[in-house]
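Peer 1: structure, please.
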Amino acid sequence: MIDAISGRVARRGADYMVIDTGAIAYRIFCPTQTLANYQVRDEILIYTHLSLHDDELKLYGFSSLQERKMFRALLPVSKIGPRLALQLLCSLSPQDFMQAVEKGDIDRLSQVKGIGRKTAQRILVELRGRLGTALETALPLSEKEKTALKALTSKSLGFSATEARRAVEALRGEDLTVEELVRRAIQTIGA
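Peer 2: Have a look, this model is predicted:
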């Protein structure tokens, strides 16, 4: 199982990015929010899900563990495949999705392209009451954390995306400026 991939964004498409790890370049299908977070040549860490369908392997990638858990929570729902689960992630944040399911908001779910009322009802029946534990995890990076992560993985500092992200996430809850966050993350990595 490929849990996560770190590397440099080599190119982007409408619904995917190619990440060059140095030896191998992976095409990873991503939600639009994840694609919007990264530019070509950015060093990134992306959480992945490997899917086998009709003898074809596809990698799906997410900028947070919460997005990946939402994606995986949707896959067992009948009539929901990886493409439709990805479409839901493009339209709703994990928090909005969880609220829609817990409130039984069929109208909100059926506004997503490809989701009709029957599919929305199926999602509610199969996931209601189970999403709290399925989606509990780290929050997506804040703007300050993203800026600090870019600084840490820049050529001048040169930390890997994995170690930089771990260091930044370890400092959550402390009210730090971007500069302080970078400085403390360097200390954390160096410790």
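Peer 1: tell me which residue is most central in this structure.
Peer 2: Centroid check for the chain by CA atoms, centre = their mean gives residue 62 as the closest residue, at 2.3 Å.
Peer 1: confidence score at it?
Peer 2: At residue 62, the model reports a pLDDT of 94.
Peer 1: how about residue 16: what's its closest non-neighbour residue?
Peer 2: Once flanking residues are discounted, residue 16 sits nearest to residue 29: 4.8 Å by CB to CB, 6 or more residues apart in numbering. Where C-beta positions appear, they are placed from N, C-alpha and C, glycine not excepted.
Peer 1: beta partners of that neighbour?
Peer 2: residue 16, residue 60 (DSSP bridges).
Peer 1: and for it, the neighbour number?
Peer 2: Residue 29: 20 surrounding residues under other CB atoms under 10 Å.
Peer 1: what's near enough to touch it?
Peer 2: Contact partners of residue 29, counting by CB atoms under 8 Å, 6 or more residues apart in numbering, are 15-16, 58-61, 82, 86.
Peer 1: just checking, what packs against the longest strand anywhere in the chain?
Peer 2: Across the chain, the longest stretch assigned as strand under DSSP state E is strand 43-53. With contacts defined as 3 or more CB pairs under 8 Å, 6 or more residues apart in numbering; DSSP states H and E, the packing partners of strand 43-53 are strand 4-12, strand 56-62, helix 65-74, helix 82-91, helix 161-170.
Peer 1: format the ones you listed as JSON lines; extra columns: distance to residue 122.
Peer 2: Listed next are the helices and strands packed on strand 43-53 as JSON lines, based on distance: least, CB to CB, whole Å:
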{"stretch": "strand 4-12", "distance to residue 122": "30"}
{"stretch": "strand 56-62", "distance to residue 122": "21"}
{"stretch": "helix 65-74", "distance to residue 122": "11"}
{"stretch": "helix 82-91", "distance to residue 122": "11"}
{"stretch": "helix 161-170", "distance to residue 122": "35"}
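Peer 1: how distant is stretch 112-120 from the center of its chain?
Peer 2: Its chain's C-alpha centre and that of stretch 112-120 lie 22 Å apart, by CA atoms, centre = their mean, to the nearest Å.
Peer 1: which residues touch it?
Peer 2: Contacts of stretch 112-120 (CB under 8 Å, 6+ apart): 79-80, 84, 87-88, 91-92, 106, 109-110, 123.
Peer 1: switch the cut-off to 7 Å
Peer 2: 79, 84, 87-88, 91-92, 106, 109-110 (CB atoms under 7 Å, 6 or more residues apart in numbering).
Peer 1: buried stuff in stretch 182-191?
Peer 2: By neighbour count on 16 or more other CB atoms under 10 Å, the buried set for stretch 182-191 is 182, 184-186, 189.
Peer 1: CA-only coordinates of stretch 31-44, as CSV, when you get a sec.
Peer 2: The C-alpha coordinates for stretch 31-44 follow below in CSV (Å, rounded to 0.1, in the frame of the first residue of the first chain):
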residue,chain,number,x,y,z
PRO,A,31,-9.7,17.2,-5.7
THR,A,32,-9.6,20.7,-7.1
GLN,A,33,-8.8,22.2,-3.7
THR,A,34,-5.6,20.0,-3.5
LEU,A,35,-4.6,21.0,-7.0
ALA,A,36,-5.1,24.6,-6.2
ASN,A,37,-2.7,24.3,-3.2
TYR,A,38,0.3,23.4,-5.3
GLN,A,39,2.2,24.8,-8.3
VAL,A,40,4.7,23.1,-10.6
ARG,A,41,8.1,22.7,-8.9
ASP,A,42,6.6,22.8,-5.3
GLU,A,43,7.9,20.1,-2.9
ILE,A,44,4.9,18.4,-1.4
